[in-house]
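Visitor: Return a 3D structure for these sequence lines:
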Amino acid sequence: LILAAVRGGSRDRGPAIFSPLIKVGDDLAFLEKEDCFASLEKIRSCSDREVYKAELPGSNGMMITIKKVIQPAKSGVELIKQDSVPLPQKMSQIRSEIMNAGLRHRNIVPLLAHVVRPDCHLLVYEFTKNGSLHDILNDVSQGRRQLEWLARHRIARGIASGLEFLHMSHMPRIIHRDIRPANVLIDDDMEARISEFGLAKQIPDGHTRISTSSLVGTVGYMAPECPQTLTFSDKSDIYSFGVLLAVLVMGKFPSDDFFQHTEEMSLVQWMRNVMTSENPNRAIDSKLLGNGYEEQMLLVLKLACFCTLEDPDERPNSKDVRSMLSDTELIKD
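Guide: I've put the predicted structure just below:
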């Protein structure tokens, strides 16, 4: 299906369109102009990519995000046909994004199109006005904005719903391999949407995990079995989600200096010790205390402890996680 979808842009390296939101390739013709980036608004950049915002021509105001990745030109068809061929890391991630372009779920950011230029690849997505969960939580910690508990709980449920779709509903099943706040975007309705499928892998039928030759993911969110055995499964995504749950309740990131000054030197271990202490409320973000939802927040932290168990076989699956989060929705002190 994906191979068929990209054929339209394969001969002249024109746009490959994956969504009906973009009606014709001409809608993206502006991205093929030599000076196209001069007229676009850059919203962030790092060493290997730049991200821009633009209005999609002929869409009545629809905004799109354009991720520019500096890599040699290679069409989507060529990348998919080379599925079993080792590629440089960034080309492999572009291929993975294209392979997963058909994902359609409320809590997943879909790839709308792929445009090949002589020196780079452009990946086109729907624009999410509120940015990433990481940026929002960072603004909250700096006092620049607020994020009340009910909004955080809704975000957690949305991510869990997206993971349940990837792990249990979609065929073949997909593991994301880099669940963290920076890879969760928040849309206009404050709904969470999982993004960045460059490291995602499809699990073949009859298998429960995949083995790789290299380690990927983010320190602090990565399940312990990943660096130990170079294997990944849906349960490694669950571990990462457990850390993300803890971040939502605690208002602290695994990389915060706070944990370097604790005996545990680890968000997960510190959380476990506090949750079994006489005062587990110490783990809750001080900005959330007194809101009447302390019992619910502690239950979510208990779920975070469950998701981050050392043995992956003892962790819940994504369906159970989504169900348990829904069960806590109406609990109030």
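Visitor: could you pull out the helices for the stretch 101-250 of the chain?
Guide: 133-141, 149-164, 225-229, 234-250 (DSSP state H, counting those that start in this stretch).
Visitor: who wins for proximity to residue 203 among those?
Guide: Checking the helices of the stretch 101-250 of the chain against residue 203 by C-beta to C-beta gives helix 234-250 as the closest, at 7.6 Å. All C-beta spots, glycine's among them, are computed from the backbone N, C-alpha and C.
Visitor: Give the other helices and strands that that closest one contacts.
Guide: helix 149-164, strand 173-175, helix 267-275, helix 294-307, helix 318-327 (3 or more C-beta pairs under 8 Å, 6 or more residues apart in numbering; DSSP states H and E).
Visitor: sorry, back to before: out of the helices of the stretch 101-250 of the chain, which is the most enclosed?
Guide: helix 234-250 (a mean of 25; mean count of other C-beta atoms under 10 Å).
Visitor: distance between it and the chain's centre?
Guide: 12 Å (C-alpha atoms, centre = their mean, to the nearest Å).
Visitor: again with stretch 49-65
Guide: So, by C-alpha atoms, centre = their mean, the centroid of stretch 49-65 is 20 Å from its chain's centroid.
Visitor: which residues are contacting that stretch?
Guide: 21-23, 27-28, 30, 37, 39-45, 66-70, 112, 124-129 (C-beta atoms under 8 Å, 6 or more residues apart in numbering).
Visitor: Now do it, average pLDDT.
Guide: For stretch 49-65, mean pLDDT rounds to 91.
Visitor: Give me the neighbour count for residue 142.
Guide: Residues near residue 142, counting by other C-beta atoms under 10 Å, number 8.
Visitor: wait, residue 146
Guide: 10.
Visitor: So the closest residue to it other than its chain neighbours versus residue 14, what's the distance?
Guide: What sits nearest to residue 146 in space, not counting adjacent residues and going by C-beta to C-beta, 6 or more residues apart in numbering, is residue 140, at 6.5 Å. With the distance defined as C-beta to C-beta, to the nearest Å, residue 140 ends up 42 Å from residue 14.
Visitor: before we move on, the earlier item: restrict the contacts of stretch 49-65 to the buried ones and give me that as a PyMOL selection.
Guide: To isolate the buried members of these in PyMOL, using 16 or more other C-beta atoms under 10 Å:
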select buried, resi 21+22+27+28+37+40+66+67+68+69+112+124+125+126+127+128
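Visitor: can you list the domains in the chain?
Guide: For the chain, automatic domain parsing gives the domain ranges 2-126, 133-327.
Visitor: what's the least confident stretch among the ones you listed?
Guide: domain 2-126 (a mean of 80).
Visitor: where do the strands sit along the protein?
Guide: 16-17, 41-46, 49-55, 63-70, 111-117, 120-126, 173-175, 184-186, 192-194, 201-203, 209-211, 231-233 (DSSP state E).
Visitor: right, so of the ones you listed, which gets closest to residue 217?
Guide: strand 231-233 (8.2 Å).
Visitor: Just the residues contacting the closest one, thanks.
Guide: Contacts for strand 231-233 (C-beta under 8 Å, 6+ apart): 175, 177, 201, 203, 208, 209, 210, 211, 212, 225, 226, 312.
Visitor: Contact partners for the residue lying closest to residue 183 once chain neighbours are set aside?
Guide: Using C-beta to C-beta, 6+ apart and skipping residues adjacent in sequence, the residue nearest residue 183 is residue 196, 4.3 Å away. Contact analysis of residue 196 by C-beta under 8 Å, 6+ apart lists 178, 182, 183.
Visitor: any chance of those in TSV, with distance to residue 280 and neighbour count too?
Guide: Output for the contacts of residue 196, formatted as TSV (distance: C-beta to C-beta, whole Å; neighbours: other C-beta atoms under 10 Å):
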residue	distance to residue 280	neighbour count
178	29	20
182	28	18
183	28	24
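Visitor: Need the contact partners of stretch 273-280.
Guide: 264, 282, 283, 298, 301, 302, 305.
Visitor: For the residues you listed, give me a markdown table that also has distance to residue 95 and neighbour count.
Guide: Formatted as a markdown table, the contacts of stretch 273-280 follow (distance: C-beta to C-beta, whole Å; neighbours: other C-beta under 10 Å):
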| residue | distance to residue 95 | neighbour count |
| --- | --- | --- |
| 264 | 39 | 13 |
| 282 | 45 | 13 |
| 283 | 40 | 22 |
| 298 | 43 | 18 |
| 301 | 38 | 24 |
| 302 | 39 | 16 |
| 305 | 36 | 16 |
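Visitor: Spatially, which two of those residues are the most separated?
Guide: Among the contacts of stretch 273-280, 264 and 298 lie farthest apart (C-beta to C-beta), at 18.9 Å.
Visitor: With distance to residue 94 as added columns, please give the helices of the stretch 101-250 of the chain in TSV.
Guide: Supplementary listing: those in TSV, determined by distance: least, C-beta to C-beta, whole Å:
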stretch	distance to residue 94
helix 133-141	22
helix 149-164	21
helix 225-229	23
helix 234-250	21
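Visitor: so which of the ones you listed comes closest to residue 294?
Guide: Using C-beta to C-beta, the helices of the stretch 101-250 of the chain put helix 149-164 closest to residue 294, at 9.3 Å.
Visitor: and the angle from the closest one to helix 234-250?
Guide: 170 degrees (axes from the mean of the first three to the mean of the last three C-alpha atoms, to 10 degrees).
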